[in-house]
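> Predicted model and sequence follow; I will ask about them next.
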Amino acid sequence: MSVATSQTSAKVKDSTRPKRRYSPDVRRSMILDAAAEMVALEGISNLSLERIAHQEGVSKSLIYKYFTSLSELLSELLDRELKTLRKRQAIGAEKAGTFNELVRNVTHEYLDYIKQRGLIIERLQADPTISRIHDPTDYLRQASVDYIAAILEKNFAIPIDIAKALTDISFGLPASAGSYLLRNPELDSDELEDLTVAMIIGSVNGVRQDFMMSMRKLER
C-alpha cells in the first residue's frame, strides 16, 4: 500500500469516527475558554465568532447556537471572569479568623487572579461595547462593601456609614495594586501584597484613632 493510500485511508477513518458530544453547558464553557485564550494572546480587535469557532474546532453554525454576536460572547466571558474572582475572594473572606486575615485573604485572591487573568479582564473592560465597568472591584461591589462594613461596625465600633465609606474607598487599593502588577510583571507580587495589606490596615487604624478621635464630642 502506498503512503498516499495509507494517508487517505487514515483520513477516512478519522472522518467516520464519531465526534465526542458535550452537554450545552460544557460546550459553552469550552467556547469561552477558547475565546479567553485568544483575547490573552492577541486582544480583541481582530477577533470574530468564526475565528473562535475555528480555534475551538466547531462549525460556525454551532457557535451561533450559543452566541448571537461577538459582543454577547465577550460580555459573558468578562462576567464569568469577574464572577470567579469575586467567588474566590468570598471564600477567602469566609476562611478568615481575624480582620488582618480577612484583608490578607481577599487581597491575595485578587492579586493572584489578576496575575493569572488580569490581561484578559483588562482587554475586555477596555471595550465599551463589552463592559461599562472599568475596575474589576466594581463587580458586585455593594454587597462586598456591606459585608466588610458590617464587620468593621461590629468588631471595631466604627459607625456603619463611616465603615461603608472606608470600605468602599479601600477597594481602590487592590485595584490599583493589580493595575500596577500588570504594568510591572517582573515585580515581586508577594511584596506588593504585603504593601497593599499594610495600606488597608493602616487606613482602618487611621479612621479608628485619628478620625474617630477628632469627631468625638467633648465632655465637660
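That came through fine.
> now the helices: where do they sit in this protein?
3-16, 24-42, 49-56, 60-66, 70-95, 99-125, 141-156, 160-170, 172-183, 189-206, 212-215 (DSSP state H).
> nearest to I133, of those?
The closest of the helices of the chain to I133 is helix 99-125. By CB to CB, the value is 6.1 Å. C-beta: built from backbone N, CA, C; applies to glycine.
> buried ones in that closest one?
For helix 99-125, the buried set under the neighbour-count rule, 16 or more other CB atoms under 10 Å, comprises 99, 102-115, 117-125.
> How about stretch 157-170?
By 16+ other CB under 10 Å, the buried positions in stretch 157-170 come out as 158, 162-164, 166-168, 170.
> would you turn the helices of the chain into JSON lines with mean pLDDT and distance to R132?
Output for these, formatted as JSON lines (pLDDT from 0 to 100; distance: least, CB to CB, whole Å):
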{"stretch": "helix 3-16", "mean pLDDT": "45", "distance to R132": "46"}
{"stretch": "helix 24-42", "mean pLDDT": "95", "distance to R132": "18"}
{"stretch": "helix 49-56", "mean pLDDT": "94", "distance to R132": "22"}
{"stretch": "helix 60-66", "mean pLDDT": "93", "distance to R132": "23"}
{"stretch": "helix 70-95", "mean pLDDT": "96", "distance to R132": "10"}
{"stretch": "helix 99-125", "mean pLDDT": "96", "distance to R132": "9"}
{"stretch": "helix 141-156", "mean pLDDT": "94", "distance to R132": "13"}
{"stretch": "helix 160-170", "mean pLDDT": "95", "distance to R132": "18"}
{"stretch": "helix 172-183", "mean pLDDT": "93", "distance to R132": "16"}
{"stretch": "helix 189-206", "mean pLDDT": "95", "distance to R132": "26"}
{"stretch": "helix 212-215", "mean pLDDT": "77", "distance to R132": "36"}
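> Name the stretch among the ones you listed that sits most buried.
Of all the helices of the chain, helix 99-125 has the most neighbours on average by mean count of other CB atoms under 10 Å, namely a mean of 19.
> and the end-to-end length of stretch 207-219?
21 Å (CA to CA, to the nearest Å).
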